[in-house]
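> Turn this into a structure:
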Amino acid sequence: MSVKDGYSFDEAYGRYLSWFQEKAAANAVPKDKEAILGFQLCHEDVFEDDSILLNRMFFIVPLLPSESKSGLLELFAVSELNLMQKAGDDAEDVTPLEYTVQIF
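This is a model prediction of the structure:
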């Protein structure tokens, strides 16, 4: 499967770095790729049948007022759409399909 309307994780992270460079104060340090995934806020099941589950996870990465040029809280959101194969009630074999980006 290929990404249709979204990004790969590397592309989404590149968007984060561009946003960070625009919004962050000179002394602020961007989060690394692993740290971004630590900011999971919530998730929702998009579709489910007997064999697969589509789930979207949401990550909200803050730029604190002390780190931002504006002195305000800035937020960068990434969503990750995952396809999971089901084995009974359990989901396994998670495959990320696409990432989307939203800036607040």
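
> Can you show me the helices along the chain?
9-23, 33-37 (DSSP state H).

> got a list of what the residue most central in space within the chain touches?
Taking Cα atoms, centre = their mean, the centroid of the chain lies closest to Val78, which sits 2.8 Å from it. By Cβ atoms under 8 Å, 6 or more residues apart in numbering, the contact list for Val78 reads Ala12, Tyr16, Ile36, Phe58, Phe59, Val61, Tyr99, Thr100, Val101, Gln102. C-beta coordinates here come from the backbone N, C-alpha and C atoms, glycine included.

> And the one helix or strand in the chain whose mean pLDDT sits lowest, what's buried?
Ranking every helix and strand in the chain by mean pLDDT, DSSP states H and E puts strand 90-103 at the bottom, with a mean of 88. Neighbour counts over strand 90-103 (16 or more other Cβ atoms under 10 Å) mark Ala91, Glu98, Tyr99, Thr100, Val101 as buried.

> same deal with stretch 66-76?
By 16+ other Cβ under 10 Å, the buried positions in stretch 66-76 come out as Glu67, Ser68, Glu74, Phe76.

> ok, so of the residues you listed, who is nearest Ala26?
Glu67 (10.1 Å; Cβ to Cβ).
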